[in-house]
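> got a sequence here, can you build the structure:
(chains A, B, C and D)
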Number of protein chains: 2
Amino acid sequence: MRISQLSAETDVPIPTIKYYLREGLLPSGEQTSATRAEYGEAHVRRLRLIRALLEVGRLPIASIAKVLAAVDDEELGMHRVLGTAHYAIAPATTPPPDGEEWQRARDEADRLITGLGWRIEPWAPAREELAQALYTLARLGMPMDEESLRPYTRAVETLVEHEIGILPLDGPRETAVERLVIGTVMHGRVLDVLRRLAHESASARFFGVAPGENGDKAHTDS
Amino acid sequence: MRISQLSAETDVPIPTIKYYLREGLLPSGEQTSATRAEYGEAHVRRLRLIRALLEVGRLPIASIAKVLAAVDDEELGMHRVLGTAHYAIAPATTPPPDGEEWQRARDEADRLITGLGWRIEPWAPAREELAQALYTLARLGMPMDEESLRPYTRAVETLVEHEIGILPLDGPRETAVERLVIGTVMHGRVLDVLRRLAHESASARFFGVAPGENGDKAHTDS
DNA sequence: ATATTCGGATAGTACAGCTACCCAATGGGT
DNA sequence: ACCCATTGGGTAGCTGTACTATCCGAATAT
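All right, here's what the predicted structure looks like:
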């Protein structure tokens, strides 16, 4: 198919497809002549994956490029590809140049990870993220310790075990690796959305608002 | 305290504080003269909250402004403030102008929510987000139905019940409302980070990588 | 044969979140 | 009483991200 059909198939404008080609997100089609290239089903799939990582996963273009490069690298094992995906998902943390309190948060995060028996690379960006979250919560007067984190760690251990269990390891590498990445990113979003929905529902029940009402006196919809 | 001290206290540059004042994120200090204003502990707390919502919660400035306006509005009940926070957290979804398949995803999301007995406003943005996630997963060949979502819904129900349970409802409204917002945003991030950590750990264990190695042949970092 | 369409490249746009600069009015130290 | 650093207030500029618009010359469809 030509670029126009690829665009029609995926609802991605042609200039945007060209942009993705330039950025190395999308492999170029097979050149049939100097000014003509042929795209296939793989391009459609790849483009959908890009949009999923971008629109649902909220990954920046540059991170998507890295993830896809890892997916396409036949040399890389599953674990390495997943690591790349994890690294890419991690938003750039701007650690405070603070000294003591920040260091304590980092140590606390590391201690927590060790205590759970989790096998995490020392340079994993998620360590920093966890430290940042705990540090910020402490500064806001809502510190979380190992005890109060337990419900969360238990929940994610159950979920992750489940997610790993349903991986299609018997198929070709590309399929498995792609699903691994998709799952890593998309299931996180699903979990987040469900949490907020459950939150709203619990709030409605707990604060005793009848369905259809909104629980305040001034009914000013922004 | 003066603006310079407020800046030193919170590690936020003075121009940025001025920017937040302009955007209505931060109430102005008490004017002691035409060119002098006095800031207090409340401003420090508010500034820290802003940075938390911005850096950890990744909320855009405009959304933070809405959330804080709701927090400060004494007229609003807990549920309404939470609703505002939920609305603000929800990233702007660009629904595909598609017809049938998208509508099916929306219906599926609504059916799911109803089936769980959750009490969700019909216009809640999280509905759209859930639909988008399910739609995208289906297009990527990894559809999730009520059955495969069950582990996730069970997990969030447990977590949310726990979160609501620890709210300080006996204190002043401002404290409770602030913690509600902080918890809504920050606990989501904590859960996400923990999930990725558990994911990495499970991947390391499952794919049989010894600690310190990285599970591929070509040891090319980044 | 000629009007489209294509690939490839360059430049411009829109938005977010700051950051820099300027100004006149203080006001604390001397 | 003096004077220079600081403040509030405002406008304008910067940086990064994700596109979007336009141009060009070759090739293909009709």
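
> only C-alpha atoms from now on, for both contacts and neighbour counts.
Will do.

> ok, longest helix in chain A?
When chain A is scanned for its longest helix (criterion: DSSP state H), the result is helix A:173-206.

> residue closest to the middle of chain A?
residue A:185 (3.3 Å; Cα atoms, centre = their mean).

> ok and the residue in chain A nearest DNA strand D?
Residue of chain A nearest DNA strand D, by Cα to the nearest atom of the strand: residue A:60 (3.1 Å).

> enumerate every residue touching that residue.
Contacts for residue A:60 (Cα atoms under 8 Å, 6 or more residues apart in numbering or on different chains) come out as residue A:54.

> in chain A, which spans are helices?
A:3-10, A:14-22, A:41-51, A:61-72, A:78-89, A:100-115, A:125-139, A:146-165, A:173-206.

> to the chain's geometric centre, what's the distance from the lowest-mean-pLDDT helix or strand in chain A?
One helix or strand of chain A scores below all others by mean pLDDT, DSSP states H and E: strand A:30-33, with a mean of 80. Averaging C-alpha positions (Cα atoms, centre = their mean, to the nearest Å) puts strand A:30-33 35 Å from its chain's average.

> cool, and stretch A:2-18?
25 Å.

> wondering if that stretch reaches DNA strand D at all.
Yes: against DNA strand D, stretch A:2-18 shows contacts by Cα under 7 Å from any atom of the strand at A:13, A:15-16, A:18.

> low-confidence stretches in chain A?
Within chain A, the ranges that satisfy pLDDT under 70 run A:96-98, A:208-222.

> can you rerun that using 80?
A:31, A:33-35, A:93-99, A:168-169, A:207-222 (pLDDT under 80).

> within range of DNA strand C, give me the residues from chain A.
A:2-5, A:15, A:18, A:28-29, A:34-38.

> going through these, which ones are buried?
Among those, those classed as buried by 16 or more other Cα atoms under 10 Å in any protein chain shown are A:3, A:29.

> the least confident helix or strand of chain A - which strands sit beside it in the sheet, and in what orientation?
Strand A:30-33 has these partner strands in its sheet, going by DSSP bridges: strand A:36-38 (antiparallel).

> quick one on the thing from earlier: go through the longest helix of chain A and flag the buried ones.
A:173, A:176-204.

> quick one: list the elements packing against that helix.
With contacts taken as 3 or more Cα pairs under 8 Å, 6 or more residues apart in numbering or on different chains; DSSP states H and E, helix A:173-206 sits against helix A:61-72, helix A:78-89, helix B:78-89, helix B:125-139, helix B:146-165, helix B:173-206.

> so stretch A:17-26, near chain B or not?
No: judged by Cα under 8 Å from any Cα of the partner chain, stretch A:17-26 and chain B are separated, with a smallest distance of 16.0 Å.

> and that stretch, how far out from the chain's middle?
So, by Cα atoms, centre = their mean, the centroid of stretch A:17-26 is 21 Å from its chain's centroid.

> and that stretch, what's buried?
For stretch A:17-26, by 16+ other Cα under 10 Å, it's A:17, A:20, A:24-26.

> dump it to CSV, restricted to CA.
Taking C-alpha atoms only, stretch A:17-26 is exported to CSV below (Å, rounded to 0.1, in the frame of the first residue of the first chain):
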residue,chain,number,x,y,z
ILE,A,17,3.7,9.6,9.3
LYS,A,18,6.5,11.3,7.5
TYR,A,19,7.5,12.8,10.9
TYR,A,20,7.6,9.3,12.5
LEU,A,21,9.7,8.0,9.6
ARG,A,22,12.2,10.9,10.2
GLU,A,23,12.3,10.2,13.9
GLY,A,24,12.9,6.5,13.3
LEU,A,25,9.7,5.3,14.9
LEU,A,26,8.5,3.7,11.7
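
> run through who's touching that stretch.
A:7, A:27-28, A:43, A:46-47, A:50, A:61-62, A:64-65, A:68.

> can you check stretch A:198-208 too?
Surrounding stretch A:198-208, the residues in contact under the criterion Cα under 8 Å, 6+ apart are A:210-211, A:215, B:78-79, B:82-83, B:86, B:118-120, B:156-157, B:160-161, B:164, B:184.

> I would like a ChimeraX command selecting only the buried ones among those residues, please.
Only the buried entries of the contacts of stretch A:198-208 go into this ChimeraX selection, using 16+ other Cα under 10 Å:
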select /A:215 /B:78,79,82,83,86,118,119,120,156,157,160,164,184
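
> among the contacts of stretch A:198-208, which are within reach of DNA strand D?
Residues shared between these and the neighbourhood of DNA strand D: none [Cα under 7 Å from any atom of the strand].

> on that earlier part again, could you redo the helices and strands packed on helix A:173-206 as CSV and give each row distance to residue B:107?
Formatted as CSV, the helices and strands packed on helix A:173-206 follow (distance: least, Cα to Cα, whole Å):
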stretch, distance to residue B:107
helix A:61-72, 30
helix A:78-89, 29
helix B:78-89, 20
helix B:125-139, 8
helix B:146-165, 13
helix B:173-206, 26
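
> quick one: closest of these to residue A:127.
Smallest distance to residue A:127 across these (Cα to Cα): 7.9 Å, for helix B:173-206.

> tell me the angle of the closest one relative to helix A:78-89?
160 degrees (axes from the mean of the first three to the mean of the last three Cα atoms, to 10 degrees).

> what angle separates helix B:173-206 from helix A:146-165?
Relative orientation of helix B:173-206 versus helix A:146-165 (the same axes, to 10 degrees): 40 degrees.

> which of the contacts of stretch A:17-26 has the most neighbours?
Counting neighbours by other Cα atoms under 10 Å in any protein chain shown, the top entry in these is residue A:64, with 25 neighbours.

> can you name the residues that contact that residue?
If you count contacts by Cα under 8 Å, 6+ apart, residue A:64 has them with A:25, A:50, A:53-54, A:88.

> so how far is stretch A:89-99 off the chain centroid?
Taking mean C-alpha positions (Cα atoms, centre = their mean), stretch A:89-99 and its chain are 18 Å apart.

> start and end of that stretch, how far apart?
Using Cα to Cα, to the nearest Å, the end-to-end distance of stretch A:89-99 comes to 27 Å.

> what lies in contact with it?
By Cα under 8 Å, 6+ apart, stretch A:89-99 touches A:57, A:59, A:63, A:102, A:125-126, A:128-129, A:132, A:185, B:55.

> with stretch A:29-45 instead?
Here stretch A:29-45 makes contact (Cα under 8 Å, 6+ apart) with A:1-3, A:6, A:9-10, A:26-28, B:140.

> great, nothing more from me.
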